[in-house]
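>>> just coords:
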Ligand code: ZN
């Protein structure tokens, strides 16, 4: 489907260092060693509600990765899905009395506008599950041929016993998996399953629900196989980074990897699994079920500068769990004003140290707070002393290319 317009990325005068990231699977910071084209898959939204700050923090985090890889001299091939048919979307459409396709398109369009406003680089392939039925069906057929599937009534399940490395993405013990699985869409108690952790691949047609023809009967895809099929089609196996929020590590990323690895045991699904922390509000994780969402579009409609929203997100490390407060937006706006004042002066402090520090910080597991601090130091130095000054054009280029903030 249509992505969103790409912001300019100005060319940096220097090359950044190789990028290292915290990999959830190995539980350590690892060197990403992409080829010329680095390959990134980030799980997209289920478009039944507007983009909240938790989403925005995740997509801005992987946007920093995109920019850090580019700064290090790579081209980036970036793929993102849209779960444009799934239970929550259908439930919301029924509740609101509108067509599920209309709801999906409306909320996807709002997401595009939010991402464009935040200067997030668009994926090269932005792919809806409703566009991907042939891919999903072909993957399930391969799993069936490998003996990794079985039926319960009209539904097809994936047997977790068919991937020897199952569990290595999340590192969770079985007990923990059993605890988390039902909270995140799993159905451990369904009679007829071989293992409570087995995941739904194909949901047979239910009355009143959309469905597509397949060799397994009419129905629609499960969530995890959707991302496996789309990532494999557009990136191939063993792509560089599978990204998403930390609530996706299990079962979603574990299962997507397991689906792929059951038919490709020699090739890990992704080389690294990278997860952004959760954003809280009013003492709880921001989530639809808790109803404590702060929407990007609402902040924008209330007059917030999207660059201040982005800067507020950059002030936190992407892996931390943190809590949004309105004061953070005020602070970010004040910081943006200071940076803009310094960058629009005819002369400022030398840019070389700040440039090196920002690129090193980003390459070091996307340490945006350290990068932001480096620009603060530059802005303060520019205000103090302009005697040995240079034109601040390079800082504007740096902040735009590396941090995605237009001054
Ligand atoms: Zn996904």
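Here it is on my side, so go on. Just so we're clear, the structure is a prediction, and the values are computed from it rather than from any experiment.

>>> note down every partner strand of the helix or strand bottoming out on mean pLDDT in the chain and its orientation.
One helix or strand of the chain scores below all others by mean pLDDT, DSSP states H and E: strand 284-285, with a mean of 78. Here strand 284-285 has these sheet partners by DSSP bridges: strand 279-281 (antiparallel).

>>> and the strand it pairs with, how far from the chain's centre?
17 Å (CA atoms, centre = their mean, to the nearest Å).

>>> contacts for it next, please.
The contact list for strand 279-281 (CB atoms under 8 Å, 6 or more residues apart in numbering) reads 52-54, 57, 285-286, 292-294, 321-324. The way it works is simple: take the backbone N, C-alpha and C, and place the C-beta from them, glycine included.

>>> now, the residues you listed that are in strands?
285, 322, 323 (DSSP state E).

>>> pick the one among these closest to the ion.
Nearest to the ion among the ones in strands among the contacts of strand 279-281: residue 285, at 18.8 Å, using CB to the ion.

>>> phi and psi next, for residue 378.
phi -60, psi -50 (degrees, to the nearest 10).

>>> of the contacts of strand 279-281, buried ones?
52, 53, 54, 57, 285, 286, 292, 293, 294, 324 (16 or more other CB atoms under 10 Å).

>>> widest-spaced pair of those?
57 and 292 (14.8 Å; CB to CB).

>>> if I look at residue 139, how far off is residue 148?
According to CB to CB, to the nearest Å, residue 139 stands 11 Å off from residue 148.

>>> give me the common contacts of those two.
With CB under 8 Å, 6+ apart, residue 139 and residue 148 have common neighbours residue 263.

>>> tell me the pLDDT at residue 127?
You'll see residue 127 listed with a pLDDT of 98.

>>> what sits against residue 24?
Residue 24 touches 169, 170, 171, 246, 249, 253, 273, 274, 275, counting by CB under 8 Å, 6+ apart.

>>> just the buried members of those residues?
Applying 16+ other CB under 10 Å to those flags 169, 170, 246, 249, 253, 273, 274, 275 as buried.

>>> close to the ion: what parts of the chain are there?
Contacts of the chain with the ion, taken as CB under 5 Å from the ion, map to 43, 227.

>>> looking at this, residue 40 is in a strand?
Yes. Applying DSSP: H, G, I helix; E, B strand; the rest coil, one finds residue 40 inside a strand.

>>> specify the beta-bridge partners of it.
With DSSP bridges as the rule, residue 40 is bridged to residue 78, residue 241.

>>> how about residue 125?
Going by DSSP bridges, residue 125 forms beta bridges with residue 79.

>>> wait, it touches residue 44, no?
No. Contact criterion CB atoms under 8 Å: residue 125 and residue 44 do not qualify, at 10.8 Å.

>>> which one of those two has more residues nearby?
Higher neighbour count among residue 125 and residue 44: residue 44, with 25 against 18, using other CB atoms under 10 Å.

>>> got the contact list for the more buried one?
Residues counted as contacts of residue 44 (CB under 8 Å, 6+ apart) are 80, 81, 82, 83, 126.

>>> of the contacts of residue 24, closest to the ion?
Among the contacts of residue 24, and counting by CB to the ion, the member closest to the ion is residue 253, at 7.2 Å.

>>> mind listing what the closest one touches?
Here residue 253 is in contact with 24, 43, 169, 170, 242, 244, 273 (criterion: CB under 8 Å, 6+ apart).

>>> what does stretch 126-145 contact?
1-3, 44, 79-86, 104, 108, 149, 156, 158, 162, 201-202, 212, 214-216, 221, 225-226, 228-230, 232-234, 259, 262-263.

>>> helices - which of the residues you listed land there?
Residues of the contacts of stretch 126-145 located in helices (DSSP state H): 104, 108, 225-226, 228-230, 232-234, 259, 262-263.

>>> so which two of the buried ones among the contacts of residue 24 are the farthest from each other?
170 and 274, at 13.1 Å, using CB to CB across the buried ones among the contacts of residue 24.

>>> still on that earlier bit, turn the buried ones among the contacts of residue 24 into JSON lines, including secondary structure and pLDDT.
JSON lines is the format used below for the buried ones among the contacts of residue 24 (DSSP: H, G, I helix; E, B strand; the rest coil; pLDDT from 0 to 100):
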{"residue": "169", "secondary structure": "coil", "pLDDT": "97"}
{"residue": "170", "secondary structure": "coil", "pLDDT": "97"}
{"residue": "246", "secondary structure": "helix", "pLDDT": "97"}
{"residue": "249", "secondary structure": "helix", "pLDDT": "98"}
{"residue": "253", "secondary structure": "helix", "pLDDT": "98"}
{"residue": "273", "secondary structure": "strand", "pLDDT": "98"}
{"residue": "274", "secondary structure": "strand", "pLDDT": "98"}
{"residue": "275", "secondary structure": "strand", "pLDDT": "98"}
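
>>> closest to residue 398 among the residues you listed?
For the buried ones among the contacts of residue 24, with residue 398 as the reference and CB to CB as the criterion, the closest is residue 274, at 23.6 Å.

>>> look up how far residue 62 lies from that closest one.
For residue 274 relative to residue 62 (CB to CB), the value is 8 Å.

>>> quickly list what's touching both of the two.
residue 243.

>>> could you pull out the strands for the stretch 151-300 of the chain?
Using DSSP state E, counting those that start in this stretch, the strands of the stretch 151-300 of the chain run over 155-158, 199-204, 219-221, 239-245, 270-276, 279-281, 284-285.

>>> check the stretch 1-150 of the chain too.
According to DSSP E, counting those that start in this stretch, the strands that the stretch 1-150 of the chain contains are 20-23, 28-31, 37-42, 75-82, 125-128, 149-152.

>>> return the most buried member of those strands.
strand 37-42 (a mean of 23; mean count of other CB atoms under 10 Å).

>>> give me the angle between that one and strand 239-245.
Strand 37-42 runs at 30 degrees relative to strand 239-245, counting by axes from the mean of the first three to the mean of the last three CA atoms, to 10 degrees.

>>> report all helices and strands that strand 37-42 contacts.
helix 53-71, strand 75-82, helix 223-235, strand 239-245 (3 or more CB pairs under 8 Å, 6 or more residues apart in numbering; DSSP states H and E).
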